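Participant: I would like the atomic coordinates for the input below:
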Amino acid sequence: MKKNCIGISRKFCLLSTLLILLITGTIASYSYGEEEERKAKWGVSVFGGTGDAVLSKIDMEVYGLIPRVTLPLRRDWKKWDVEFEGNFFYYNIHKMANVCFLGLSTNFVFKPIQERWGSLFLLIGGGLGYDSAGERLHRGSNPPLLGDQHFAGFGCGGLGVLFNIGRGKALRVEYRFYHLSEPFDTSDRGLNTHNVLLGITF
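Facilitator: Prediction:
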């Protein structure tokens, strides 16, 4: 069999080259897979809930739509994500004016349990936006539910589950507690709601 200048057979060189390419391809595929797992995720959720005002008996229902993008907080923090969400909430407040809220929020998501079927997560976040209340949520001498500046902030906390349904896709089910009030008016009582969210991530 013919040999090259350093005395190694061409067959051995060919097999070695194929082996090196195979190993390189495996490593490259794994790295690409890791990037795929950590890239941005898009999603949307709808929700419904019920609640009341702080220290009051005013009942309400709330409905909403939340589009979102989820990003890894840091490449080496595989259990942490940060989410940016758009918020549209509609409050049906009994015996008072209805209220719409439009805003943006940021969440920090901690996923302590991650398995092949999906993951469990804890969430905390908040945001700011426009509300349609103004002075309409005021009754007699009681403090208003929301201030009169059409500017509100909110905080939320919750937990949920992501169920994998395909490559890069998951169903999202979660519970959140929301508190909405005007950040620069300490006299308003705010609105508290308990919410169930259903969504999809892709």
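
Participant: Let me see the ranges of the helices in the chain.
Facilitator: Applying DSSP state H to the chain gives helices spanning 10-38.

Participant: Show me it divided up by domain.
Facilitator: 1-37, 39-201 (automatic domain parsing).

Participant: Same list (those) but as TSV, adding mean neighbour count and mean pLDDT.
Facilitator: C-beta: built from backbone N, CA, C; applies to glycine. TSV is the format used below for the domains of the chain (neighbours: other C-beta atoms under 10 Å; pLDDT from 0 to 100):
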stretch	mean neighbour count	mean pLDDT
domain 1-37	10	47
domain 39-201	16	93
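
Participant: which residue is nearest the centroid of this structure?
Facilitator: Glu83 (4.5 Å; C-alpha atoms, centre = their mean).

Participant: Name whatever forms a beta bridge with the residue lying closest to Gly43 once chain neighbours are set aside.
Facilitator: Among residues not flanking Gly43 along the chain, Thr201 sits closest, at 3.9 Å (C-beta to C-beta, 6 or more residues apart in numbering). For Thr201, the beta-bridge partners are Gly43, Ala170 (DSSP bridges).

Participant: where's Thr201 relative to Gly103, distance?
Facilitator: According to C-beta to C-beta, to the nearest Å, Thr201 stands 21 Å off from Gly103.

Participant: quick one: contacts for the nearest residue to Val54 once chain neighbours are set aside?
Facilitator: Spatially, and ignoring its direct neighbours in sequence, Val54 is nearest to Arg189 (4.2 Å; C-beta to C-beta, 6+ apart). Going by C-beta atoms under 8 Å, 6 or more residues apart in numbering, Arg189 touches Ala53, Val54, Leu55, Ser56, Pro143, Pro144, Leu145, Ser181.

Participant: Apply 6 Å and report the result again.
Facilitator: Contacts for Arg189 were tallied using C-beta atoms under 6 Å, 6 or more residues apart in numbering; they are Ala53, Val54, Pro143, Leu145.

Participant: doesn't Leu146 make contact with the first one?
Facilitator: Read that as Ala53. No: applying C-beta atoms under 6 Å as the test, Ala53 and Leu146 come out as separate, 9.2 Å apart.

Participant: Mutual contacts of those two, please.
Facilitator: Shared contacts of Ala53 and Leu146 (C-beta under 6 Å, 6+ apart): none.
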